[in-house]
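Asks: After the sequence you'll find the predicted model.
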Amino acid sequence: MINDLYHETILDHSKRPRNFQLLEDANRRAEGYNPLCGDKCKVFLKEHDGVIDKVTFQGAGCAISTASASLMTEALKGKTIGEAETLLAKFHDLLTTDQPLPKDLGKLMVFSGVREFPARVKCATLAWHTLRAALRGAGEAVSSE
């Protein structure tokens, strides 16, 4: 079971996160914090005409948190704000419900094993909650609590 949690893709993205940088010209941004374990995440978006041109992140966290943020940035490039919100909801459902696994999440499916570890769900969703705050223009820091 633990092998499912630390799938090869998760390990790769945690050791070599993609889009891990400050986005100087971001027009949407938010900060997130998981007080349970100390994970921190900042999400930066460059959105134009309702489409996400670029998304990056910075922060410090466990392998699950970092990999989730990294894979999230790859999945969102070129998506509309509405598509990003839909993907966020599907990802959250993947981790928090007993519904059959969705077929359209691509690489994000590697997190399906996290649902077996409820304490780690907040690690996997921190970047996504932070993304939601950035999409909605929330000015305050988000907490996974």
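Replies: Done, it's in. Numbering: from 1, shown residues only.
Asks: from here on, contacts and neighbour counts on C-alpha atoms
Replies: Fine.
Asks: And the next helix or strand past the worst-scoring helix or strand of the chain on mean pLDDT?
Replies: The helix or strand of the chain with the poorest confidence is helix 2-5; it has a mean of 55 (mean pLDDT, DSSP states H and E). The helix or strand immediately downstream of helix 2-5 is helix 8-15, counting by DSSP states H and E.
Asks: in its sheet, what does the next helix or strand after that next one sit against?
Replies: Counting by DSSP H and E, the next helix or strand C-terminal to helix 8-15 is strand 28-34. Strand 28-34 pairs in its sheet with strand 39-48 (antiparallel), strand 142-143 (parallel), by DSSP bridges.
Asks: deepest of these, which one?
Replies: Between those, strand 39-48 has the highest mean count of neighbours, a mean of 23, where neighbours are mean count of other CA atoms under 10 Å.
Asks: pretty sure A133 is in contact with A127, am I right?
Replies: No: the criterion here is CA atoms under 8 Å, and A133 misses it with A127 at 9.9 Å.
Asks: could you point out where this structure is predicted with low confidence?
Replies: Applying pLDDT under 70 to the chain picks out residues 1-6, 138-140, 144-145.
Asks: Tell me how many other residues surround E8.
Replies: Around E8 there are 12 other residues, counting by other CA atoms under 10 Å.
Asks: returning to what we had before: who's more crowded, A133 and A127?
Replies: Between A133 and A127, A127 has the larger neighbour count (other CA under 10 Å), namely 34 against 21.
Asks: list the contacts for the more buried one?
Replies: G32, C41, K42, V43, S65, S68, A69, M72 (CA atoms under 8 Å, 6 or more residues apart in numbering).
Asks: Distance of the nearest residue to the first one once chain neighbours are set aside relative to K42?
Replies: For G32, ignoring the flanking residues on the chain, the nearest one in space by CA to CA, 6 or more residues apart in numbering is V142 at 4.5 Å. In this structure, V142 lies at 10 Å from K42, with CA to CA, to the nearest Å as the measure.
Asks: Need the residues touching each of these two.
Replies: Both V142 and K42 are contacted by A30, E31, G32, T130, under the criterion CA under 8 Å, 6+ apart.
Asks: out of these, which one sits closest to F111?
Replies: T130 (17.7 Å; CA to CA).
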